[in-house]
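Engineer: Model the following, please.
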Amino acid sequence: MTGLAAVLFDMDGTLVDTEVLWWRTTERIAQGLGHELTGADAPEVVGRAVEDTAAHLVRVCGGGDPSEVAQALTADFFRRVEAGAPMRPGAQHLLTALEAEGVPFALVSASPRLVVDSVVGGSLAHVPFAFTLSADDTDRTKPHPDPYRSAAERFGADVRDCVAVEDSPDGAASAEAAGCGVLVVPSLLEVPATPVRTFAQSLEDVTPELLRRCLTAAGVPRQDRQEPRPSSSTTPST
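Structural biologist: The predicted structure is shown next:
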């Protein structure tokens, strides 16, 4: 292991406070379909890709066109994000510290490109990301390892020398399956602990040194890691 090559940040609920906006979007669309969203729906909504949440709503409502529901979810969420998505506490301080130490970082999101570009052009317009990855940029999104593997490849780095910062179960599963060090800062959903995950209560508690220690925590044989199965629906995250 050669040290911290890059930090790969999730967007929704990690760097920006958009998970609540996504919940409100899903709540509104669900009501239109005759379903009252509750905590029981959370695992199929929080940290999920638009298509997966749409599939869940169609399933619990007993009908509908998943593609139309996905379009409605995307349009409503985009409108909310465009109105403003504040950064999470501690996010700016951590990004500034990484920049000062010359550690590159990128955005790895399971939101659609439309939403990612809106946030990066708004709340995160001042952040010097090396690049951004959206759900549209890989064949499979979280919880599959593709996004984080692709990000490491774009850096020309060994994925084992990269640390992912995540807030959701699917995001953490994606990063772990890819082979990254994993720092979890939970937001709306509890994230299960594993031997390779490091936890922090807030980004205010995170330093570049803590991120380096995540690489040590992740130092288990990569062949022991199995690609996660999607949860009870289809696959994956916002």
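Engineer: Which strands or helices does the lengthiest helix in the chain pack on?
Structural biologist: The longest helix of the chain (DSSP state H) is helix 66-82. On a contact count with 3 or more C-beta pairs under 8 Å, 6 or more residues apart in numbering; DSSP states H and E, helix 66-82 meets helix 19-32, helix 50-61, helix 113-120. C-betas here are computed from N, CA, C, even on glycine.
Engineer: Show me the contact partners of that helix.
Structural biologist: 18, 21-22, 24-26, 28-29, 32-33, 50-51, 53-55, 57-58, 111-112, 114-115, 118-119, 122, 238 (C-beta atoms under 8 Å, 6 or more residues apart in numbering).
Engineer: List the buried residues of that helix.
Structural biologist: 66, 69, 70, 72, 73, 74, 76, 77, 78, 80, 81 (16 or more other C-beta atoms under 10 Å).
Engineer: Specify which member of the residues you listed is nearest to residue 105.
Structural biologist: Taking C-beta to C-beta as the measure, residue 105 lies nearest residue 81 of the buried residues of helix 66-82, at 20.8 Å.
Engineer: Tell me, how many residues neighbour residue 212?
Structural biologist: For residue 212, the count of nearby residues is 15 (other C-beta atoms under 10 Å).
Engineer: Does it touch residue 7 like I think?
Structural biologist: No: the criterion here is C-beta atoms under 8 Å, and residue 212 misses it with residue 7 at 10.1 Å.
Engineer: Find residues that contact each of the two.
Structural biologist: By C-beta under 8 Å, 6+ apart, the residues touching both residue 212 and residue 7 are residue 163.
Engineer: hmm, back to that, kindly reformat the helices and strands packed on helix 66-82 as a markdown table containing distance to residue 186.
Structural biologist: Shown next, in a markdown table, are the helices and strands packed on helix 66-82 (distance: least, C-beta to C-beta, whole Å):
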| stretch | distance to residue 186 |
| --- | --- |
| helix 19-32 | 10 |
| helix 50-61 | 19 |
| helix 113-120 | 20 |
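Engineer: Pick the most buried one from those.
Structural biologist: Using mean count of other C-beta atoms under 10 Å, the stretch among these with the greatest mean number of neighbours is helix 50-61 (a mean of 22).
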